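>>> Got a predicted structure plus its sequence, pasted below:
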Amino acid sequence: MVHALFEVVGGDARLALDMYRALRELGHEVDLYTAHVNEGAWSALTGDLREAPRPIAIKEPLASRLAGRALALRSIMATSGLVRGLKGSNLGYDVVVDTYSNVPMRWVSAAYVHFPAALLLDFHRAHRRLSLHERLYYGLVGREARRLAYRRTAVMTNSAWTAERVKRAYGSQRVYVVHPPVNVEELSTLGGDRGRVVLTVSGIYPEKNVLAIADIARLVPEAEFYLVGATGPASGPVVRELKRRSEGLRSFHLETDVPRKRILELMSQASIYLHPPFAEHFGIAIAEAAAAGLVPVVYSDGGGWTDIASRIDQGLGYMNIEEAAHIIRSLLNDTGRLKELSAKAKEVAKGFSYERFREKLNEVLKELPRA
């Protein structure tokens, strides 16, 4: 396995650790390679794991190190150097899997693509206004991704929605949907006195469109809205704008960088999960909320809609804040439907269990050619 950069705490890094565990449980000998480990991020990623691998560090190529925090470009360059080196070695690996670059390179047996790097410019441009610097950067990432992509390399991806974009971006011939695992067993036991509480779990970043949560909360003053999530260097202006938009609104609560325990506590109290108007490629937070029995109200685009919420009920998708407010108010005023959809959400979420992830991974492995 190659995960070129363990730089930040995110779904891609967690997926890599889950895949490493699953491969070991399936009886395979597995080595995990990287070019860089941020020790703070690694500690946060592995703190709740009984046992975690220590990646084998290979010196990062100079060209990718120069990319610094331009992680999309850096990941492609670092992965290219690592996988070519492994391919040319005499280490005797049967299968090489890349879990980070989002490009199916010819030197790997399979790549797990969270979202095709070749389409980042189009994706970000659809959600917000980009600066000239950003347009040039994402254009460069896309050009490099297309240059290195190989249509015959097998691709695993996180949703049917992403799978279609992988085919469009790279012309990939073998694409398998392998949903990221969710701790269904832990989350399904949550519950208690659920009230008129609406929960959102999202990174407090400009691209996530979390400002809309405060606007929706103002339209549904009879409910308590909680927005919780991690912050980063770009979060300051978003936090300030959230506070401005929610001024005088006592039913809106913003909690940043909270521990997992607090999120689980809120999941046990909330009836509805509201995701911002952002096309998530899959949406771990959406899947976790469904597993906990919250009814997800989701933007009508992205894997969080196609693979999760729409399978619970077609009426849970919205395109603007007025639609979101109407759906939430309707659910809160119909306790029978809310209870019925809560049970359906738990049922759909069972398909995202770790056991199902391991089964699907095993099916894909059996179809991969050995080196």
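Cool, the structure landed. Numbers count the residues shown, from 1 in each chain.

>>> Compute the number of surrounding residues for E51.
Residue neighbour count, defined by other Cβ atoms under 10 Å, stands at 7 for E51. Any C-beta I mention is one placed from the backbone N, CA and C, and that applies to glycine too.

>>> Then D18?
18.

>>> care to break this protein down by domain?
In terms of domains, the chain is parsed into 5-181+354-367, 184-351 (source: automatic domain parsing).

>>> List the buried residues for the lowest-mean-pLDDT helix or strand in the chain?
Taking mean pLDDT, DSSP states H and E as the measure, the helices and strands of the chain show their lowest mean at helix 62-65, namely a mean of 72. When burial is assessed from 16 or more other Cβ atoms under 10 Å, helix 62-65 yields the following buried residues: S64.

>>> what about the strands in the stretch 251-371 of the chain?
252-256, 272-274, 295-299, 317-318 (DSSP state E, counting those that start in this stretch).

>>> I'd like the next helix or strand past the least confident helix or strand of the chain.
Counting by DSSP states H and E, the element after helix 62-65 in chain order, helix or strand, is helix 71-87.

>>> To D334, which of the strands of the stretch 251-371 of the chain lies closest?
Taking Cβ to Cβ, strand 295-299 is the member of these nearest to D334, at 10.8 Å.

>>> Low-confidence regions, the chain specifically.
Segments of the chain classed as low confidence (criterion: pLDDT under 70) are 48, 66, 371.

>>> Which residue of it is positioned most peripherally relative to its centre?
Computed with Cα atoms, centre = their mean, the maximum C-alpha offset from the centroid of the chain is found at N90, amounting to 34.7 Å.

>>> A72 touches L140, doesn't it?
No. Taking contact to mean Cβ atoms under 8 Å, the distance of 9.4 Å between A72 and L140 leaves them out of contact.

>>> So those two - more neighbours on which side?
A72 (18 against 14).

>>> count of neighbours near the closest residue to the more buried one other than its chain neighbours?
With sequence-adjacent residues excluded and distances taken as Cβ to Cβ, 6 or more residues apart in numbering, A72 is closest to V141, at 4.8 Å. Applying the criterion other Cβ under 10 Å, we find 24 residues in the vicinity of V141.

>>> What angle do strand 295-299 and the host helix or strand of L199 make with each other?
Here L199 sits within strand 197-201, counting by DSSP H and E. Using axes from the mean of the first three to the mean of the last three Cα atoms, to 10 degrees, the direction of strand 197-201 lies 50 degrees away from that of strand 295-299.

>>> coming back round to it: now the helix or strand harbouring the residue nearest to A72, how far from the centre of its chain.
Of the helices and strands defined by DSSP H and E, V141 is found in helix 132-148. Mean C-alpha position of helix 132-148 versus that of the full chain (Cα atoms, centre = their mean, to the nearest Å) differs by 21 Å.

>>> Convert the C-alpha atoms of it to CSV, please.
Coordinates of each C-alpha in helix 132-148 appear next as CSV, following Å, rounded to 0.1, in the frame of the first residue of the first chain:
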residue,chain,number,x,y,z
LEU,A,132,-6.9,33.5,-10.5
HIS,A,133,-4.3,31.7,-8.4
GLU,A,134,-6.7,28.9,-7.5
ARG,A,135,-7.8,28.5,-11.2
LEU,A,136,-4.2,28.2,-12.3
TYR,A,137,-3.4,25.8,-9.5
TYR,A,138,-6.3,23.4,-10.0
GLY,A,139,-5.7,23.6,-13.8
LEU,A,140,-2.1,22.5,-13.2
VAL,A,141,-3.3,19.6,-11.0
GLY,A,142,-5.8,18.5,-13.6
ARG,A,143,-3.2,18.5,-16.4
GLU,A,144,-0.7,16.5,-14.3
ALA,A,145,-3.4,14.0,-13.3
ARG,A,146,-4.4,13.4,-16.9
ARG,A,147,-0.8,13.0,-18.0
LEU,A,148,-0.2,10.2,-15.4
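
>>> In it, which residues are buried?
Residues of helix 132-148 classed as buried: Y137, Y138, V141, G142, E144, A145, R146, L148 (neighbour count, 16+ other Cβ under 10 Å).

>>> Can you tell me which helices and strands it packs against?
On a contact count with 3 or more Cβ pairs under 8 Å, 6 or more residues apart in numbering; DSSP states H and E, helix 132-148 meets helix 71-87, helix 120-127, helix 160-170.

>>> how about these, which one is nearest I328?
Nearest of those (Cβ to Cβ): helix 120-127, 22.0 Å.

>>> Can you point out the buried residues in that closest one?
Per 16+ other Cβ under 10 Å, helix 120-127 contains these buried residues: L120, L121, F123, H124.
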